[in-house]
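**Student:** Structural data only, the sequence is not supplied:
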């Protein structure tokens with residue numbers, strides 16, 4: 001007897017329990033309806049190409065419809081009788097129709113092109129939902145920015161108070177970032193919107209299939225051309241999850257600001273009671289823990305994206321399980337996290353308010369309007385920026401040393417600093433000096449495009465709304481193509497079944 005003689009029976013129990021059964025459950029939860037749509041589209045395309053008869057296509061479609069109606073997939077348990085869900089459905093078709101008819105459905109196909117097409121359909125479904133919800137977050141942030149366009153806040157650099165701006169202007173930076181995240185996600189969504197059907201195992205087949213028709217029936221924008229790449233590249237997944245990770249990173253940085261602004265020492269952002277949890281032991285505590293949950297959800301989402309990218313790193317450029325069922329299903333959890341993050345952030349943004357009294361006090365204490373004093377001296381006194389900067393620096397040193405503020409420092413202190421640097425008294429009066437050091441003046445003169453002054457900010461917010469409208473149209477087109485194709489496919493299936 002050869003040492004390779006083998007009377008074992010597939011599947012080995014341990015393989016069944018650790019691999020095949022979990023994969024079967026994953027298909028039940030996420031993929032089987034997409035697989036059934038591909039079966040329906042295949043039957044229609046094969047009939048149109050003359051590779052099955054109209055009667056055979058009608059019989060296959062009727063049997064598929066019977067499976068959809070009468071098989072309780074949720075109650076199916078993996079037994080090992082069939083390797084996977086694909087072979088389970090094929091066995092059900094054969095039981096209903098016989099292998100002579102049912103066996104024709106798989107003409108020119110492979111589980112390889114079916115699987116990657118299923119994964120793309122599932123990914124597109126999640127992308128469409130997430131893109132729409134992310135657009136709604138941008139809408140919320142824009143509405144808050146418009147409401148708070150005149151609310152003054154402290155802008156920080158390197159963790160220190162830097163300059164005054166408005167909450168609307170600050171949110172504008174985040175809105176632009178979210179709009180770019182939308183743009184990036186829409187861009188990579190194109191790669192998931194390319195059909196792999198017709199690639200078969202990896203080199204197409206000798207049958208006269210219509211790849212473009214399959215793409216149309218399934219709601220894809222186009223066919224992914226190279227058949228090897230359809231199976232091997234899997235960049236639709238790496239692109240989407242790489243881009244989704246950027247979204248989590250970007251939101252996480254914004255959330256870190258929220259965390260700092262809600263802290264006791266800064267306290268510029270008031271979180272209403274509906275978002276505050278209390279301590280079980282310390283009666284004075286107001287814990288704005290939704291901010292922490294935002295950070296946590298974002299970190300988990302980024303980590304789940306990393307799981308996809310890490311699983312596919314240094315894998316061979318060919319068909320491989322490292323880009324298939326388990327990996328794809330793991331990625332869906334990143335979308336779950338993204339949707340939770342977007343919903344919670346939208347709710348929190350709409351509820352929080354700026355503590356304007358505390359902001360005013362910190363502006364006073366930090367002397368952050370002194371930059372504009374220097375700029376105003378350049379405009380009114382005809383001195384160079386470097387000279388004006390030195391005047392402001394001397395005055396700042398005094399303020400810091402004596403604990404004074406710009407609104408209360410003796411005007412004589414400014415005169416002394418100016419004369420010491422410029423060699424003459426200034427022309428401006430005390431009233432002008434006081435005006436130049438207010439946060440309102442600071443903001444009002446910054447009217448260049450992208451600045452916080454009312455006209456500049458209004459123009460920016462209008463552009464954000466226009467940009468969002470354009471992106472919503474693209475999102476609607478992306479989602480609508482899937483929805484319309486599903487409706488058209490269902491109608492064509494009903495028509496062909498009824499034609500008998």
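**Tutor:** Cool, the structure landed. Bear in mind the structure is a predicted one, so any value in this text is a computation, not a measurement.
**Student:** Quick one: low-confidence residue ranges for the stretch 51-200 of the chain.
**Tutor:** Across the stretch 51-200 of the chain, nothing is flagged by pLDDT under 70.
**Student:** One more: the chain?
**Tutor:** Short version for the chain, where the test is pLDDT under 70: 1-3.
**Student:** which residues in it form strands?
**Tutor:** 152-157, 160-166, 194-195, 222-223, 269-270, 353-354 (DSSP state E).
**Student:** what sits up against the longest one?
**Tutor:** Among residues not part of strand 160-166, those counted as contacts by C-beta atoms under 8 Å, 6 or more residues apart in numbering are 148-156, 362-363, 366, 368-369, 371, 439, 442-443, 452, 457. Backbone N, C-alpha and C define where each C-beta goes, glycine included.
**Student:** Sheet partners, orientation included, of that strand?
**Tutor:** Paired with strand 160-166 in the same sheet, following DSSP bridges, are strand 152-157 (antiparallel).
**Student:** which of the residues in the strand it pairs with are buried?
**Tutor:** Under the neighbour-count criterion of 16 or more other C-beta atoms under 10 Å, strand 152-157 has 152-154, 156 buried.
**Student:** Run through who's touching it.
**Tutor:** For strand 152-157, the surrounding residues in contact (C-beta under 8 Å, 6+ apart) are 161-167, 170, 260, 268, 354, 356, 359-360, 362-363, 366, 368, 439-440, 443.
**Student:** change it to 7 Å
**Tutor:** 161-167, 170, 268, 354, 356, 359, 362-363, 368, 439, 443 (C-beta atoms under 7 Å, 6 or more residues apart in numbering).
**Student:** Could you pick out the buried ones from those?
**Tutor:** Among the contacts of strand 152-157, those buried by neighbour count (16+ other C-beta under 10 Å) are 161, 163-167, 170, 268, 354, 359, 362-363, 368, 439, 443.
**Student:** picking up where we left off before, return the closest of the buried residues of strand 152-157 with respect to residue 84.
**Tutor:** Taking C-beta to C-beta as the measure, residue 84 lies nearest residue 156 of the buried residues of strand 152-157, at 54.5 Å.
**Student:** What's the separation between the closest one and residue 266?
**Tutor:** 9 Å (C-beta to C-beta, to the nearest Å).
**Student:** Kindly report the same for residue 387.
**Tutor:** 34 Å.
**Student:** Likewise for residue 314?
**Tutor:** The gap separating residue 314 from residue 266 is 45 Å, by C-beta to C-beta.
**Student:** Could you check which of these two is surrounded by more residues?
**Tutor:** residue 266 (18 against 6; other C-beta atoms under 10 Å).
**Student:** excluding its backbone neighbours, what's nearest the more buried one?
**Tutor:** Closest residue in space to residue 266, ignoring its immediate chain neighbours: residue 260 at 5.8 Å, by C-beta to C-beta, 6 or more residues apart in numbering.
**Student:** Count the residues that sit near that neighbour.
**Tutor:** With other C-beta under 10 Å as criterion, residue 260 counts 16.
**Student:** Then residue 184?
**Tutor:** When neighbours are counted by other C-beta under 10 Å, residue 184 comes out with 18.
**Student:** from memory it sits against residue 245, does it?
**Tutor:** No. Taking contacts as C-beta atoms under 7 Å, residue 184 lies outside contact range of residue 245: 10.8 Å.
**Student:** where exactly do the helices run in the stretch 151-300 of the chain?
**Tutor:** 167-192, 211-218, 227-232, 235-262, 289-312 (DSSP state H, counting those that start in this stretch).
**Student:** And the second one, what does it pack against?
**Tutor:** What that stands for is helix 211-218. Taking 3 or more C-beta pairs under 7 Å, 6 or more residues apart in numbering; DSSP states H and E as contact, the helices and strands that helix 211-218 lies on are helix 32-48, strand 194-195, strand 222-223, helix 454-498.
**Student:** what's residue 496 in contact with, if anything?
**Tutor:** 44, 57-58, 61.
**Student:** now with 6 Å?
**Tutor:** Applying C-beta atoms under 6 Å, 6 or more residues apart in numbering, we find residue 496 in contact with 58, 61.
**Student:** before we move on, back to that, how about CSV for the helices and strands packed on helix 211-218, with distance to residue 375 added?
**Tutor:** Converted to CSV, the helices and strands packed on helix 211-218 look like this (distance: least, C-beta to C-beta, whole Å):
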stretch, distance to residue 375
helix 32-48, 60
strand 194-195, 53
strand 222-223, 54
helix 454-498, 16
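**Student:** domain parsing for this structure?
**Tutor:** 13-110+490-498, 111-207+222-355+459-465, 370-437 (automatic domain parsing).
**Student:** The shortest one spans what distance, first to last residue?
**Tutor:** Counting by C-alpha to C-alpha, to the nearest Å, the length from the leading to the trailing residue of domain 370-437 is 6 Å.
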